[in-house]
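K.L.:
just to be clear, the model below is a prediction. Sequence and coordinates:
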Amino acid sequence: MACFESSALRVLAGWCLLAGAAAFATLGDSEEQPAAAAKPNPIYTFKADHDPDGIGKFYFGREISHVMGHLAADWLERPSRIVEEAPAKLIESLQLKPSMTVADIGAGSGYFTRRIARKIQPDGLVYAVEIQSEMLEILEANMKRHQLKNFRSVLGTERDPKLPASSVDLVLMVDVYHEFSFPHEMMTKIHQALKPDGKVVFVEYRGEDPKVPIKPLHKMTEAQVKKEAKAQGFSWIKTLDVLPRQHIIFFEKRKAAAPPPENEASRRPD
Ligand SMILES: C[S@@+](CC[C@H](N)C(=O)[O-])C[C@H]1O[C@@H](n2cnc3c(N)ncnc32)[C@H](O)[C@@H]1O
């Protein structure tokens, strides 16, 4: 999740940490331990001494952040988001068309699921993918309140968004990729879920910009996103910096090779 640094939002930062830690306790450890414990994982590295906002697990030198807990869902619906994130501009930049199939990965309370559903109705479909069933319950109530029916809730896992193969035109990930505890596995599955000409869009707070009042692990630089997506089998199309605080970074499936089994992180003595 996004964690603000400003003193005005210190309360938010406090719950962010608490909610994130609680969510990680229930979501993070279970898949980490058993079979893989004996042999080293070539994709990820681990450090005991790490940023408290992160989980101590590193991918391409980047520490993965805690997951935002569902108890913070109200924050995703805060009115100030309109000014801070200009959601209408983001939706416009996606160039959605009626009848498209879109996946909103890490959909949260459905803030963007609703906006996408409206834009592509009546025939288009949005998959709202979450790893927290509580978030999906909130999302479904919000969709009902807004009388939107062209969506499907999908309870994914930390490694798999559980989407049908070759079914999706566009994958949108707003403020979630930096939370993926298994980014390599998730992106391999997303690659498979996209149609041959499908696109994936990362929306992350700008890590290069010190004026963006978000904690470091909840921001990403454009260079880091590109480095990771390239290793996951995607080719960069364009980056739009039309939002107040976030990059919008578009990729398509690379036509040839599948993602390599190892990445740069495996060769780095972290
Ligand atoms: C900060 S919230 C953003 C929600 C929404 N995208 C928005 O902008 O309003 C991140 C959400 O991503 C979800 N998430 C984290 N890892 C995920 C994964 N591997 N698959 C699906 N959802 C995930 C969390 O449960 C959380 O609800």
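P.N.:
Structure's in. What do you need? Because the structure is predicted, anything quoted here is derived from the model rather than measured.
K.L.:
which residue ranges of the stretch 151-270 of the chain form strands?
P.N.:
Taking DSSP state E, counting those that start in this stretch as the test, the strands found in the stretch 151-270 of the chain are 151-155, 168-174, 194-206, 219-220, 234-240, 246-253.
K.L.:
output the contacting helices and strands for the third one.
P.N.:
Translated: strand 194-206. If you count contacts as 3 or more Cβ pairs under 8 Å, 6 or more residues apart in numbering; DSSP states H and E, strand 194-206 packs onto strand 168-174, strand 219-220, helix 222-231, strand 246-253. Just so you know, the C-beta spots here come from the backbone N, C-alpha and C atoms, and that holds for glycine as well.
K.L.:
what does the fourth one give?
P.N.:
Helices and strands touching strand 219-220, by 3+ Cβ pairs under 8 Å, 6+ apart, are strand 194-206.
K.L.:
follow-up on the earlier one: any chance of the strands of the stretch 151-270 of the chain in CSV, plus mean neighbour count and distance to the ligand?
P.N.:
Putting the strands of the stretch 151-270 of the chain into CSV (neighbours: other Cβ atoms under 10 Å; distance: least, Cβ to the nearest ligand atom, whole Å) gives the following:
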stretch, mean neighbour count, distance to the ligand
strand 151-155, 17, 9
strand 168-174, 24, 4
strand 194-206, 20, 8
strand 219-220, 26, 12
strand 234-240, 15, 17
strand 246-253, 21, 10
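K.L.:
re the thing from before, possible to save the helices and strands packed on strand 194-206 as TSV with mean pLDDT?
P.N.:
Output for the helices and strands packed on strand 194-206, formatted as TSV (pLDDT from 0 to 100):
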stretch	mean pLDDT
strand 168-174	98
strand 219-220	98
helix 222-231	98
strand 246-253	98
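K.L.:
name the nearest residue to the residue positioned nearest the centre of the chain, sequence neighbours excluded.
P.N.:
Computing the C-alpha centroid of the chain and ranking residues by Cα atoms, centre = their mean puts residue 176 first, at 2.4 Å. Spatial nearest neighbour of residue 176, excluding adjacent residues (Cβ to Cβ, 6 or more residues apart in numbering): residue 106 at 2.9 Å.
K.L.:
quick check: that neighbour touching residue 128?
P.N.:
No. Counting by Cβ atoms under 8 Å, residue 128 is not a contact partner of residue 106; they are 9.5 Å apart.
K.L.:
which one of these two is surrounded by more residues?
P.N.:
For residue 106 versus residue 128, neighbours defined as other Cβ atoms under 10 Å are more numerous around residue 128 (28 against 25).
K.L.:
partners of that one in the sheet?
P.N.:
residue 104, residue 153 (DSSP bridges).
K.L.:
what residues does the protein have near the ligand?
P.N.:
Residues of the chain lying close to the ligand (Cβ under 6 Å from any ligand atom) are 1, 67-68, 76, 105-108, 111-112, 129-132, 135, 156, 158, 161, 174-176, 179-180, 186.
K.L.:
for residue 162, what are its contacts?
P.N.:
Going by Cβ atoms under 8 Å, 6 or more residues apart in numbering, residue 162 touches 129, 154, 155, 156.
K.L.:
quick one: low-confidence residue ranges for this structure.
P.N.:
1-41, 256-270 (pLDDT under 70).
K.L.:
please enumerate the strands of the stretch 1-150 of the chain.
P.N.:
Under DSSP E, counting those that start in this stretch, the stretch 1-150 of the chain gives strands at 45-46, 54-59, 62-65, 101-105, 125-130.
K.L.:
direction included, what does the shortest one pair against?
P.N.:
Strands that pair with strand 45-46, judged by DSSP bridges, come out as strand 54-59 (antiparallel).
K.L.:
what residues sit buried inside the partner strand?
P.N.:
By 16 or more other Cβ atoms under 10 Å, the buried positions in strand 54-59 come out as 54, 55, 57, 58, 59.
K.L.:
now the angle from that strand to helix 222-231?
P.N.:
For strand 54-59 against helix 222-231, the angle by axes from the mean of the first three to the mean of the last three Cα atoms, to 10 degrees is 60 degrees.
K.L.:
show me how far strand 54-59 is from its chain's centre.
P.N.:
Relative to its chain's centre, strand 54-59 lies at 15 Å (Cα atoms, centre = their mean, to the nearest Å).
K.L.:
ok, stretch 48-60 next?
P.N.:
On Cα atoms, centre = their mean, the centre of stretch 48-60 falls 17 Å from that of its chain.
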